[in-house]
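> Got a predicted structure here, sequence first:
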Amino acid sequence: MADDAAAKAPLPVVPYLKIPADGAPFLEARQCSGCGKIFLTERNTCAHCGESGLMQAKPLADTGSLYVYSIVHRSFPGVAVPYVSAIVDLDGGGTVKGNLINIDPDPEKIRMGMPVEVVYQIAPTKDADGNEYLTYYFQPAA
Amino acid sequence: MSDVYVLGIDMIKFGRYPEKNVRQLGAEAAQLALADANLTIHDMEALYSGNLMQAGAMVGQGILQEIGQTGIAVTNSANACATGATAFREGWTAIKAGLYDLVLVVGSEQLGKMGLLGGGGSRKGIPKEGLLGSQTMPAVFAEAGQEHARKYGTTFEQFAKVSVKNHQHSVKNPKSMYQKETPLEMVMGAEMIAYPNTKLMCSVNVDGAAAAVLASEKKARELGMGRAVRVKASVLTSDPFTDRDLVMPDVNTCTRLAAKQAYETAGVGPEDIDLVELHDCFATAEILHYENLGLCGDGEAGKLIDEGVTWHGGQTPVNVSGGLLSKGHPLGATGVANIYEVSTHLRGEAGARQVENAKVGLTHVIGLGSACGIHILEKA
Ligand SMILES: [Zn+2]
């Protein structure tokens, strides 16, 4: 049994993180082919233009720029602080929220507009059933 | 359609009342407002109750159980931090529609020492807080403020000055949770919660209640206009689609939309407003709303706080009650309490904190998710 669990592939932390059986993980949004607006969640009708049935898969880029951030010093019990909560505009469209890592949590070091890249790692926590999760982070672009 | 008037309005001192329940807090405010209007529950034709955290608990009916079960229609509203303003507007709508001549509005909330709010989201899988950024309210509003910093170079110090101002204002408000000055060094040096919001730049979770008696023009004339306040505009908006809204709640667009509608309806502009009570849930938010409400041009909010324009004695005093930052933020009561504050100044009854010659005032609340409520009030 233990071997079975270990062999199980990690689950995506959110539905918009895709893990192909053969290949690298990526983020995938939905895009309205009528007006071009991008959504991270599944929907039938576009919240912008109101048209239905026009949503298509939209793979997102792994590069982008830091739009805004906050350095979080107090969070819920059990959440390690400080950390940088970041909102990133990805190249080619799509805005995603996540932790910005591999940077000092210091306003002097973080520049809004700086180029960042998306990296994928196993999340530090498992769910109650012992499942592992693959998550994404942002880090300063190499 | 009839104009709508506030005939009676009051609030309990915001604070912590662990020995009471929320219906008792609401009942207390209701009786204060009824007494202020020189009326009783038997004169009321409907009750509009706003409460967020106990939205399923029939709080409005509970209040009537405390002050008189007269069998009138009760509507319970929940609309995040715009809950109180929403309940007020429900009452206003009913009078506008000609359904009633006299209604009671009560906003109430019991938060106690509830810690960080926010961070809901999906319960599926593993917790996302601290993994995919932060959904806590201090962080969400920090990020909203950082957008202003990014665009216009607004500084940590400018955000902090908002808190210095509102705490200083609260010293003269006996109904404020705190009445304590907090110098700039104290605000900036307080525990950092979510940069750039320190602990003193976050609103206070408290218990509270506020209530109002609303009347049709016919009824107000009959009972006497002496201390009446006219509701010149009552506007509620939700967040229109904007590109980042679903990832980064946009409190700006819905406020701008509401402000535009409110000024048009009232036939006044920002230059006519003598005082403003706006939604300073975090110090960063107040800066954004100076521009959203048209108190200054885009990019000028930092200058506004620096130059003292929004301080008591300035051209457009903002949050002379102490605001959510010092008076406290009992979610469902906040929107009615803001209307109480402005009405009290319009009536010339604000004592030591009176804004001189106040003729027209504006109240604003934001419920994240999002809802924006704006009221423009005028001395009748
Ligand atoms: Zn569309």
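Alright, I've got the coordinates.

> So which bits of stretch B:287-299 are buried?
B:287-296 (16 or more other C-beta atoms under 10 Å in any protein chain shown). All C-beta atoms are positioned from the backbone trio N, CA, C, and that covers glycine.

> Stretch A:76-92 too?
Buried residues in stretch A:76-92 (16+ other C-beta under 10 Å): A:76, A:79, A:81-90.

> How about stretch A:104-121?
Within stretch A:104-121, judged by 16+ other C-beta under 10 Å, the buried ones are A:105, A:107, A:110, A:112, A:116-118, A:120.

> And those, which is closest to B:A259?
Within the set of the buried residues of stretch A:104-121, A:M112 lies nearest B:A259; the separation is 26.6 Å, counting by C-beta to C-beta.

> Spatially nearest residue to that closest one (excluding sequence neighbours)?
Excluding the flanking residues, the one nearest A:M112 by C-beta to C-beta, 6 or more residues apart in numbering or on different chains is B:R150, at 4.4 Å.

> Tell me how far the helix or strand where that neighbour lies lies from the chain's centre.
According to DSSP states H and E, B:R150 maps onto helix B:137-152. Its chain's C-alpha centre and that of helix B:137-152 lie 20 Å apart, by C-alpha atoms, centre = their mean, to the nearest Å.

> need the next SSE after it, C-terminal direction.
helix B:156-170.

> angle of that next one against helix B:137-152?
120 degrees (axes from the mean of the first three to the mean of the last three C-alpha atoms, to 10 degrees).

> Summarise which helices and strands helix B:156-170 is packed against.
helix B:184-189, strand B:197-198, helix B:283-292, helix B:301-306, helix B:323-326 (3 or more C-beta pairs under 8 Å, 6 or more residues apart in numbering or on different chains; DSSP states H and E).

> Please repeat the previous calculation with a cut-off of 7 Å.
In this structure, helix B:156-170 makes packing contacts with helix B:184-189, helix B:283-292, helix B:301-306, helix B:323-326, judged by 3 or more C-beta pairs under 7 Å, 6 or more residues apart in numbering or on different chains; DSSP states H and E.

> Nearest to chain A among those helices would be which one?
Closest of the helices and strands packed on helix B:156-170 to chain A is helix B:283-292, at 9.4 Å (criterion: C-beta to the nearest C-beta).

> picking that back up, run through the buried residues of stretch B:287-299 and flag the ones next to the ion.
The subset of these within reach of the ion, counting by C-beta under 5 Å from the ion, is empty.

> Among the residues you listed, which pair sits farthest apart?
Most distant of the buried residues of stretch B:287-299, by C-beta to C-beta, are B:I287 and B:G294, 14.2 Å apart.

> Pull up the residues of chain A that are close to chain B.
Taking C-beta under 7 Å from any C-beta of the partner chain as the contact definition, chain A meets chain B at A:11, A:13, A:39-40, A:47-48, A:68-76, A:79-80, A:83, A:85-87, A:95-99, A:107, A:112, A:123, A:125, A:127, A:133, A:135.

> right, and the secondary structure at A:D22 would be what?
With DSSP: H, G, I helix; E, B strand; the rest coil as the basis, A:D22 sits in coil.

> Now do it, the pLDDT please.
If you check A:D22, the pLDDT there is 89.

> and what of B:G115?
So B:G115 comes in at 71 (pLDDT).

> swap in B:K124?
78.

> and it, helix, strand or coil?
coil.

> OK, contacts around B:S234?
B:89, B:92, B:375 (C-beta atoms under 7 Å, 6 or more residues apart in numbering or on different chains).

> out of those residues, which are inside strands?
Judged by DSSP state E, those include B:H375 as members of strands.

> how about CSV for the contacts of B:S234, with distance to B:Q261 added?
Formatted as CSV, the contacts of B:S234 follow (distance: C-beta to C-beta, whole Å):
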residue, distance to B:Q261
B:R89, 12
B:W92, 14
B:H375, 12
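
> Please report which of the contacts of B:S234 has the highest neighbour count.
In terms of neighbours by other C-beta atoms under 10 Å in any protein chain shown, those top out with B:H375 at 29 neighbours.

> Bridging across strands, which residues link to that one?
B:S234, B:T363 (DSSP bridges).

> So it sits against B:Y340, correct?
No. Using C-beta atoms under 7 Å, B:H375 is not in contact with B:Y340; the gap is 11.3 Å.

> by contact count, what packs against the helix holding B:R150?
Using 3+ C-beta pairs under 7 Å, 6+ apart, helix B:137-152 sits against strand A:63-72, strand A:83-90, strand B:192-195, strand B:197-198, helix B:283-292.

> Throw these into TSV and include distance to B:E217 and mean pLDDT, thanks.
Shown next, in TSV, are the helices and strands packed on helix B:137-152 (distance: least, C-beta to C-beta, whole Å; pLDDT from 0 to 100):
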stretch	distance to B:E217	mean pLDDT
strand A:63-72	47	98
strand A:83-90	48	98
strand B:192-195	47	98
strand B:197-198	44	98
helix B:283-292	31	98
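
> Quick one: those as TSV, columns for distance to B:P183 too.
Listed next are these as TSV, based on distance: least, C-beta to C-beta, whole Å:
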stretch	distance to B:P183
strand A:63-72	23
strand A:83-90	29
strand B:192-195	17
strand B:197-198	13
helix B:283-292	14
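
> These: which one's closest to B:D245?
Nearest of the helices and strands packed on helix B:137-152 (C-beta to C-beta): strand A:83-90, 11.5 Å.

> Run through the neighbouring helices and strands of the closest one.
Checking 3+ C-beta pairs under 7 Å, 6+ apart, strand A:83-90 ends up next to strand A:63-72, strand A:95-100, helix B:137-152.

> Note down every partner strand of it and its orientation.
Strand A:83-90 pairs in its sheet with strand A:63-72 (antiparallel), strand A:95-100 (antiparallel), by DSSP bridges.

> And these: which comes nearest the ion?
strand A:95-100 (16.1 Å; C-beta to the ion).

> Just the closest of the buried residues of stretch A:76-92 to B:V360, please.
Using C-beta to C-beta, the buried residues of stretch A:76-92 come closest to B:V360 at A:I87, 37.4 Å.

> Leaving out the residues flanking it, which one is nearest to the closest one?
A:Y67 (4.7 Å).

> where do the strands sit along chain A?
Under DSSP E, chain A gives strands at A:11-12, A:17-18, A:26-32, A:38-39, A:55-59, A:63-72, A:83-90, A:95-100, A:115-122, A:133-140.

> can you redo those as a markdown table with distance to B:G224?
As requested, the strands of chain A are exported to a markdown table (distance: least, C-beta to C-beta, whole Å):
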| stretch | distance to B:G224 |
| --- | --- |
| strand A:11-12 | 66 |
| strand A:17-18 | 65 |
| strand A:26-32 | 57 |
| strand A:38-39 | 55 |
| strand A:55-59 | 59 |
| strand A:63-72 | 52 |
| strand A:83-90 | 54 |
| strand A:95-100 | 55 |
| strand A:115-122 | 64 |
| strand A:133-140 | 63 |
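
> Great, nothing more from me.
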